[in-house]
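*Asks:* Structure for the following, please:
(one chain, ligands or ions: 1)
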Amino acid sequence: VIELYSWNTSNGRKIPIFLEEAGLPYRVQWVDIRNGGQFEPAFLAISPNNKIPAIVDTGAPGGPISVFESGAILVYLAEKTGQFLAPLGAARAKTLEWLFWQAGGLGPMAGQLNHFAAKAPEKLAPAIDRFAKEVRRLMTVLDRRLAEAPYLAGDDYSIADMACYPWVVSVMTRHIKFAPEAVPTVPHVQRWLDELAARPGVQRGMAALSKD
Ligand SMILES: N[C@@H](CCC(=O)N[C@@H](CS)C(=O)NCC(=O)O)C(=O)O
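*Replies:* Model prediction:
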């Protein structure tokens with residue numbers, strides 16, 4: 001069983017998407033990041049950066065293995081199951097490119113935009129402008145990629161798509177309301193979103209952390 005330490009956020013949702021797609025048994029351990037659950041010593045022991053998601057693979061050969069950072073978790077699970085990440089070569093390199101692109105670009109920029117445009121008590125125009133422009137640029141990059149290939153890694157659905165999907169859903173449904181200037185017209189992203197949304201594993205994975 002995979003113990004999944006998570007909360008109902010875009011970063012949190014990437015992992016149940018994988019687990020559902022791969023059919024791996026898992027149990028959700030809620031970490032209430034609104035009330036400091038991420039700073040509990042037991043959680044810090046597996047996720048020292050005090051962020052969800054994290055996993056513990058209790059059935060790993062040789063004893064339990066814990067992993068934090070969503071990209072590292074997806075790579076771990078892909079290698080454990082032999083699914084959604086090519087073992088070597090160009091397809092693997094493409095998958096890792098877009099996985100890191102999500103973890104270093106789309107996630108942080110959309111997260112900052114959410115903070116400054118939707119949550120912060122003071123509306124700081126330079127911060128909103130900076131992050132809205134960056135999200136708009138990243139969405140344009142994504143649209144160009146999905147114009148040339150069906151999936152981010154190329155011909156095959158991969159962990160890169162799983163990492164991007166919850167964030168793109170958020171940008172296209174939430175960010176578009178509080179920062180419409182951050183969302184360009186992205187027909188190829190929309191085609192990809194519709195296709196992923198129809199996958200039963202994606203549907204179950206997105207629903208797995210529904211709360212409130
Ligand atoms: N790069 C990290 C980002 C994780 C992240 O930002 N998690 C947020 C929720 S989406 C969190 O746990 N925040 C709690 C905190 O910062 O204290 C990953 O991809 O796993």
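*Asks:* Which parts of the protein are helices?
*Replies:* With DSSP state H as the definition, the chain shows helices at residue ranges 10-22, 41-44, 70-81, 90-101, 107-113, 125-148, 159-170, 176-178, 187-197, 200-208.
*Asks:* can you tell if the second one touches the ligand?
*Replies:* The reference is to helix 41-44. No. With CB under 6 Å from any ligand atom as the criterion, the ligand is not reached by helix 41-44; the gap is at least 9.8 Å. (Each C-beta comes from the backbone N, C-alpha and C, glycine too.)
*Asks:* Dump the helices of the chain to JSON lines, plus distance to Asp32.
*Replies:* Shown next, in JSON lines, are the helices of the chain (distance: least, CB to CB, whole Å):
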{"stretch": "helix 10-22", "distance to Asp32": "12"}
{"stretch": "helix 41-44", "distance to Asp32": "10"}
{"stretch": "helix 70-81", "distance to Asp32": "18"}
{"stretch": "helix 90-101", "distance to Asp32": "27"}
{"stretch": "helix 107-113", "distance to Asp32": "18"}
{"stretch": "helix 125-148", "distance to Asp32": "26"}
{"stretch": "helix 159-170", "distance to Asp32": "19"}
{"stretch": "helix 176-178", "distance to Asp32": "24"}
{"stretch": "helix 187-197", "distance to Asp32": "28"}
{"stretch": "helix 200-208", "distance to Asp32": "16"}
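*Asks:* would JSON lines of these with distance to Arg34 and mean pLDDT be doable?
*Replies:* Below are the helices of the chain laid out as JSON lines (distance: least, CB to CB, whole Å; pLDDT from 0 to 100):
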{"stretch": "helix 10-22", "distance to Arg34": "13", "mean pLDDT": "98"}
{"stretch": "helix 41-44", "distance to Arg34": "14", "mean pLDDT": "98"}
{"stretch": "helix 70-81", "distance to Arg34": "19", "mean pLDDT": "98"}
{"stretch": "helix 90-101", "distance to Arg34": "27", "mean pLDDT": "98"}
{"stretch": "helix 107-113", "distance to Arg34": "15", "mean pLDDT": "98"}
{"stretch": "helix 125-148", "distance to Arg34": "22", "mean pLDDT": "98"}
{"stretch": "helix 159-170", "distance to Arg34": "17", "mean pLDDT": "98"}
{"stretch": "helix 176-178", "distance to Arg34": "19", "mean pLDDT": "96"}
{"stretch": "helix 187-197", "distance to Arg34": "27", "mean pLDDT": "98"}
{"stretch": "helix 200-208", "distance to Arg34": "19", "mean pLDDT": "98"}
